[in-house]
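In: Curious how this folds, go ahead:
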Amino acid sequence: MGYLSLVGLLIMVLVICDAAITVLHLDAEGWAAKCVRQVVWRTAVVVGGGLGGAQRLVLGLAGPLIVAGSFVLWLVLLTGGFALAVWPMMATEFAAQTDFRGQGHNFVDAVYFAGGTVTVLGYGDLAPLSTSARLMSLFGAATGFMLFTGMATYAIEIINGIAERNRITLTVHDDTRDGDGLTMYAEHLALDGVADTRTRCRSWADGLRELDEMVHRYPLVAFTYRSHRHEYDPEPVLRHSAEAAVAALVASEREPALRTSAASLRLALERVQRTIATIYLGRGVVRRLDDPRPTERDHRAVAEVARRLAEQWDAWDGVYENGAPEDKAPESGAAEDKAPGDASARPLSAEGSRREAAETVYRSRIFLDALHAWARTDGVPHAWEVPGS
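Out: Numbering: from 1, shown residues only. Take a look at the predicted model:
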């Protein structure tokens, strides 16, 4: 076995490893697939940014192109590596129905044989004679079959994952009624009471955990597979969740029964923010998220949230003064919120809640600014930043 054969086999092994990491690893992507993602996404962002209203259309094509580009690159590299591996053997260890264009070892013929073997077609006009050539052919067919099987499986999983992500975005979109998380939380607190508001916070936290798991599982397409419909965008989910988390932390100053659900939503939000930043936004953003330093602007935002919530206190108090149903009473469910030994269930002081609320405001601002810059899309102000609110 010559030098070219060893190089070809090494290329094949690297391609299979790259595909296996991308398809089978729960929170990683291969080097080749990552390069395709970065190149295609940056190209789509640049092209879409210059087309104005057509930007959403261009970004919507990025996800399918990333998947298709990764598959094509794997196939090209696998076929090229196999062609290099068998090329030195073509003249003496293979039999052909016709001469290799009179040369006996043309590289094009090696590519032809490699393509037919990797795709498991095998036309039969080139046949291995020696044991080493037969083993090489068997290895090429086996790796090709594994690659095609893995790509088909991964494509199905991607579609299912994107469908789950869209379900989460639609849930938040419908809950906020195309509004914002702060208003949604305040209305639920005033009209539905503490128990239902806790349930809604837990539901959103579960959605954020599912989103975090999807980003871990499918980093190749989790935030690059976009839809033409704005309600499927992931950015509003993260913005509204931050607004609701800040509102929950501020509201927990008055009603301790809200503290554990508020902490759960905040922790789920922080986790998914860090995961997305690690994969897509860079270490600089990750460092700022890990070390939040709220500014006066962030503290003013918390004060604005407190003011907005205060507008609902009278309506909220009126519910209980008139006799709230038992399942909406502040005391109900407070004990079941607190799991033994759960650090997030420990009571927080009002000062601690305000501090965590300011840190959440800071993280959301830094994170969403970076996310919109990465996609070159226009950001939407948080509810506490709307002029005149």
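In: Is Leu220 in a helix, a strand, or coil?
Out: Recorded secondary structure, Leu220: coil (DSSP: H, G, I helix; E, B strand; the rest coil).
In: Skipping adjacent residues, who's closest to Met146 in space?
Out: Excluding its sequence neighbours, the residue lying closest to Met146 (CB to CB, 6 or more residues apart in numbering) is Ile16, at 6.9 Å. All C-beta atoms are positioned from the backbone trio N, CA, C, and that covers glycine.
In: Around that neighbour, count how many other residues there are.
Out: Ile16 has 21 neighbours, counted by other CB atoms under 10 Å.
In: tell me which element it is part of?
Out: Using DSSP states H and E, Ile16 falls within helix 3-24.
In: okay, that helix in CSV with CA atoms only?
Out: Provided in CSV are the C-alpha atoms of helix 3-24 (Å, rounded to 0.1, in the frame of the first residue of the first chain):
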residue,chain,number,x,y,z
TYR,A,3,1.7,6.8,0.3
LEU,A,4,-1.4,7.9,-1.7
SER,A,5,-3.4,5.0,-0.5
LEU,A,6,-2.6,5.9,3.1
VAL,A,7,-3.5,9.5,2.6
GLY,A,8,-6.8,8.5,0.9
LEU,A,9,-7.7,6.2,3.8
LEU,A,10,-6.9,8.9,6.3
ILE,A,11,-9.2,11.3,4.5
MET,A,12,-12.0,8.7,4.5
VAL,A,13,-11.6,8.1,8.2
LEU,A,14,-11.6,11.8,9.0
VAL,A,15,-14.8,12.3,6.9
ILE,A,16,-16.6,9.5,8.7
CYS,A,17,-15.5,10.9,12.1
ASP,A,18,-16.7,14.3,11.1
ALA,A,19,-20.1,13.0,10.1
ALA,A,20,-20.3,10.7,13.1
ILE,A,21,-19.7,13.6,15.5
THR,A,22,-22.3,15.8,13.8
VAL,A,23,-24.9,13.1,13.5
LEU,A,24,-24.4,11.1,16.7
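In: and after it, which helix or strand comes next?
Out: helix 31-49.
In: list the helices and strands that next one packs on?
Out: Judged by 3 or more CB pairs under 8 Å, 6 or more residues apart in numbering; DSSP states H and E, the packing partners of helix 31-49 are helix 3-24, helix 55-86.
In: hmm, who's touching the first one?
Out: Applying CB atoms under 8 Å, 6 or more residues apart in numbering, the contact partners of helix 3-24 are 28-33, 70, 74, 77-78, 80-89, 136, 139-140, 143, 146-147, 150-151, 153-154, 220.
In: Which residue ranges of the protein form helices?
Out: Per DSSP state H, the chain carries helices over the ranges 3-24, 31-49, 55-86, 90-93, 107-118, 131-176, 181-191, 193-217, 234-251, 259-276, 283-290, 296-321, 334-337, 350-375.
In: Go through those and pick out the most buried.
Out: Neighbour counts (mean count of other CB atoms under 10 Å) averaged over each of those peak at helix 234-251, with a mean of 27.
In: what angle separates that helix from helix 259-276?
Out: Going by axes from the mean of the first three to the mean of the last three CA atoms, to 10 degrees, helix 234-251 is angled at 150 degrees with respect to helix 259-276.
In: Next, the angle helix 350-375 makes with helix 234-251.
Out: Here helix 234-251 runs at an angle of 170 degrees relative to helix 350-375 (the same axes, to 10 degrees).
In: Quick one: distance of helix 234-251 to the chain centre.
Out: Centre-to-centre, helix 234-251 and its host chain are 19 Å apart (CA atoms, centre = their mean, to the nearest Å).
In: Which strands and helices lie in contact with that helix?
Out: helix 131-176, helix 181-191, helix 193-217, helix 259-276, helix 296-321, helix 350-375.
In: Mind putting those helices into a markdown table with mean pLDDT and distance to Leu24?
Out: Output for the helices and strands packed on helix 234-251, formatted as a markdown table (pLDDT from 0 to 100; distance: least, CB to CB, whole Å):
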| stretch | mean pLDDT | distance to Leu24 |
| --- | --- | --- |
| helix 131-176 | 90 | 8 |
| helix 181-191 | 85 | 36 |
| helix 193-217 | 90 | 11 |
| helix 259-276 | 94 | 19 |
| helix 296-321 | 75 | 41 |
| helix 350-375 | 89 | 27 |
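In: Quick one: those as JSON lines, columns for distance to His228 too.
Out: Formatted as JSON lines, the helices and strands packed on helix 234-251 follow (distance: least, CB to CB, whole Å):
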{"stretch": "helix 131-176", "distance to His228": "12"}
{"stretch": "helix 181-191", "distance to His228": "24"}
{"stretch": "helix 193-217", "distance to His228": "20"}
{"stretch": "helix 259-276", "distance to His228": "22"}
{"stretch": "helix 296-321", "distance to His228": "32"}
{"stretch": "helix 350-375", "distance to His228": "15"}
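In: Which of those sits closest to Thr119?
Out: Minimum separation from Thr119 across the helices and strands packed on helix 234-251 (CB to CB) falls at helix 131-176, 6.0 Å.
In: if I read this right, Asp378 contacts His372, doesn't it?
Out: Yes. Using CB atoms under 8 Å, Asp378 is in contact with His372, at 7.0 Å.
In: rewinding a little: switch the helices of the chain over to TSV; also include distance to Ala383.
Out: Output for the helices of the chain, formatted as TSV (distance: least, CB to CB, whole Å):
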stretch	distance to Ala383
helix 3-24	38
helix 31-49	27
helix 55-86	24
helix 90-93	68
helix 107-118	54
helix 131-176	10
helix 181-191	4
helix 193-217	15
helix 234-251	5
helix 259-276	15
helix 283-290	21
helix 296-321	8
helix 334-337	26
helix 350-375	11
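In: ok, now which ones touch the closest residue to Arg37 other than its chain neighbours?
Out: Among residues not flanking Arg37 along the chain, Ile66 sits closest, at 5.0 Å (CB to CB, 6+ apart). Contacts for Ile66 (CB under 8 Å, 6+ apart) come out as 36-37, 40-41, 220-221, 224-225.
In: Just the closest of these to Gly207, please.
Out: Gly207 lies nearest to Tyr225 out of the contacts of Ile66, by CB to CB, at 17.6 Å.
In: tell me the contacts of the closest one?
Out: Applying CB under 8 Å, 6+ apart to Tyr225 gives the contacts 62-64, 66, 158, 162.
In: Right, I'll call it a day here.
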